[in-house]
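Colleague: This is a predicted model, with the sequence first.
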Amino acid sequence: MNIFSIYFEKIKKFLIDLEKDKQIKLSDNLNKLTIELPPKDLQGDISCNAALVLSKINNKKPKDIAILLKTNLIKKFPEFKNIFIAEPGFLNIEFNEDFWQKFLTNLLNLKEEYGSNSSIKNRYNVEFVSANPTGPLHVGHCRGAILGDVITNLLTFNGNEVSKEYYVNDHGNQVKIFTLSVYYRIIEILQNKEFPKNQEDLYRGEYVVDIAKKIIDKKLINQFNNYENIYEQLKDISIKESLELIKINLNSLGIQHDHFVFESQLFKNNEIKNTVEKLKKKDLVYQGKIEAPKSKKEKNYKERKQLLFKSTLYGDDKDRPLQKDDLSWTYFAGDLAYHNNKINRNFDILINVLGADHAGYIKRINAGVEALSNKKTKLSCKVSQLVKLLKDGKLFKMSKRKGDYITVEDLINEVGRDPVRFIMLSRSNDVELDFDFKKVTEKTKDNPVYYVQYCYARICSVFRNLNLDLNEEINFDEKKFHINSNERQIIKKLSEWPKCISISTQRMEPHRIPVYLYELATLFHSYWNLGKDNISFRFISDNKPTSLTKLIILKCISYVVKSGMNLIGVNTPNKM
RNA sequence: GGUCCUGUAGUUAAAUGGAUAUAACGGGUCCCUCCUAAGGAUCAGAUGCAGGUUCGAUUCCUGCCGGGAUCACCA
């Protein structure tokens, strides 16, 4: 029930009819036609730019066309109470009260389903987090994790089928180093040999000690003398334990993946080899050299011949290596195999949610998917920019080497899930986010999380005071449906909800939802405060509702707030 | 140097190519102490620079200036 898209279609058809009637000329396409909310202080419920779009081809002033359209529109649509022509030629259409009464009735029936736009249904695969299984998640992973989760919520809400996936890189060099780190910790405990200090790349977080202890205590392995012999077993256990930590972290953020795909499995099933073969058959693989990196840090580069994928044919900057120096597969080769695996599972659209540090990877993986699927499978990569942690206004830097970074666990313990999710989502994922511990935990109106939650709690409180159940059906047969300007503004805002959902989903920009909810909450709070000056604006007098219309508006707000908060995975307490 | 992201009031942000650029905090002035403590009214204040496309540009394109990320092997 998106009135903007409904009237887009209706007015489009109206214009086509008008052309058949030879009253106007139409341009080739009407794509530039828009229906949107007029600016706040202007009259009208929806605004249409038809006159502006048609001005040139008709060789007339926008205003003259607007006058022509106005008279015809009023004749054609009985629900249009009035049309105001605003400079330079916008048609601001006001609906009659019957229309809004029907609108609210529909919303009451749809409840929390209101806002779902399910015209096109697809099968999606959303890959997100995919952090190395070498330790718990830290704050840096958080934003992408929540972004991925909410993108899947949006897609599901709109009737799509979505698989949430985590790609586990349990095969590369980092895994070797991690396993070795666990081993050193075991030896440290059992044989009192100090954990090596000079090897900088070892994992030295406290959790490595915990994993070591667990392996010893539970006697998961008994002999530790020969590292080579126990390596495979030790690796499997270490990764399993580490993945458990990650799953606990994800759970505390309210995130659960449907599928974990292991790189090692792709390797065992020969999928990497087969994928490279597939590319070879397409003549997209060759032995060649790539130039030295321009990065100033890199001094160890040695030029050599290696197996390369011709990603430049698909818009990448250079061809990408598939094999390392020792002829083992690169991470990229494994990821190509993983994407080939996804392609074989016949998803319509693949989505990868990446951190800013992996943005440079997008072109090559896009190239890979295009090549492997013959351009049939769509891949869309969303990047979430960095989170800057602030404590008392000061930048807080994390160092992985020292092991002193803030984990998701720390974050949730200190701040709580709701504020973390809300704040992480409140900015466009294309911009850096300041995350200030102090501000985020403040329970004041300046904190948008509580401001929105408080709106829901206040509505609950009204129904509680009336001994009514918020979820009970109300029949909307009020004869005198009158609304004041605040109520009208709220209803207009409610009418915008499906549009907000549809844009958020199409563009995969969930930050629009917290922004919308905050705006709706603002309107609600000022509506509530009307009752301060004037008792007749209160919802309750003498323990009875002052009007059914008011209750219904409150109910409709509650549905939208609840549904929006569900989508972003934030709670709506009944009391605060 | 290449690539990607980014530049909006004093600050933090918003704006599927729309109208007088929207809010919050902070600042000025005035009111209020209540169905929930977290209130209301009002004033001042901004699109980095230069072009282009468009009826219309914060938004799209080009160049410049600034901030961030990234650029063999790692993941």
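Modeller: Right, received. Where do you want to start?
Colleague: do the longest helix seen in chain A and RNA strand B meet at all?
Modeller: Secondary structure assigned by DSSP state H gives helix A:227-252 as the longest helix of chain A. No. Helix A:227-252 stays clear of RNA strand B (C-beta under 7 Å from any atom of the strand), getting no nearer than 11.5 Å. Using the backbone N, CA and C atoms, a C-beta is placed for each residue, glycine as well.
Colleague: helices and strands around that helix, which ones?
Modeller: Helix A:227-252 sits against helix A:173-191, helix A:206-217, helix A:408-415, with contacts defined as 3 or more C-beta pairs under 8 Å, 6 or more residues apart in numbering; DSSP states H and E.
Colleague: Show me which positions of it end up buried.
Modeller: Within helix A:227-252, the residues scored as buried using 16 or more other C-beta atoms under 10 Å are A:230, A:234-235, A:237-239, A:241-243, A:245-247, A:249-250, A:252.
Colleague: Just give me the neighbour total for whatever residue of the stretch 101-250 of chain A ends up closest to RNA strand B.
Modeller: Residue nearest to RNA strand B within the stretch 101-250 of chain A: A:G172 (1.5 Å; C-beta to the nearest atom of the strand). When neighbours are counted by other C-beta atoms under 10 Å, A:G172 registers 19.
Colleague: Also A:K363?
Modeller: Using other C-beta under 10 Å, the number of residues around A:K363 comes to 18.
Colleague: what's near enough to touch the nearest residue to it once chain neighbours are set aside?
Modeller: Closest residue to A:K363 apart from its sequence neighbours, by C-beta to C-beta, 6 or more residues apart in numbering: A:D316 at 4.4 Å. Neighbouring residues of A:D316 by C-beta atoms under 8 Å, 6 or more residues apart in numbering: A:K363, A:R364, A:N366, A:A367.
Colleague: Name only those of those that count as buried.
Modeller: Buried, going by 16+ other C-beta under 10 Å: A:K363, A:R364, A:N366, A:A367, out of those.
Colleague: didn't the second one look like it was pressed against A:T312?
Modeller: Going back to what we said before, that points to A:R364. No. With contact defined as C-beta atoms under 8 Å, A:R364 does not count as touching A:T312 (9.7 Å).
Colleague: Helices along the stretch 451-576 of chain A, start to end?
Modeller: With helices called from DSSP state H, counting those that start in this stretch, the stretch 451-576 of chain A shows them at A:485-495, A:497-506, A:512-533, A:548-568.
Colleague: any idea which of those helices is most buried?
Modeller: Stretch with highest mean neighbour count among the helices of the stretch 451-576 of chain A: helix A:548-568 (a mean of 21; mean count of other C-beta atoms under 10 Å).
Colleague: Least confident secondary structure element in chain A?
Modeller: Averaged element by element with mean pLDDT, DSSP states H and E, chain A has its least confident helix or strand at strand A:394-395 (a mean of 72).
Colleague: Which strands border that strand, and is each parallel or antiparallel?
Modeller: Using DSSP bridges, strand A:394-395 pairs in its sheet with strand A:387-391 (antiparallel).
Colleague: who does the helix or strand hosting A:L336 touch, helix- and strand-wise?
Modeller: Per DSSP states H and E, A:L336 falls inside helix A:331-344. The criterion is 3+ C-beta pairs under 8 Å, 6+ apart, and the helices and strands that helix A:331-344 contacts are strand A:161-168, helix A:263-268, helix A:271-281, strand A:349-355, helix A:362-372.
Colleague: contacts for the last one?
Modeller: Put plainly, it is helix A:362-372. Outside helix A:362-372, the residues that touch it by C-beta under 8 Å, 6+ apart are A:275, A:278-279, A:282, A:284, A:309, A:311-317, A:320, A:332, A:335-336, A:339-340, A:343, A:350, A:352, A:354, A:377, A:379, A:381, A:383.
Colleague: how does it look with 6 Å?
Modeller: Contacts to helix A:362-372, defined as C-beta atoms under 6 Å, 6 or more residues apart in numbering, come from residues A:L284, A:S311, A:Y314, A:D316, A:R320, A:L336, A:H339, A:N340, A:I343, A:T377, A:L379, A:C381.
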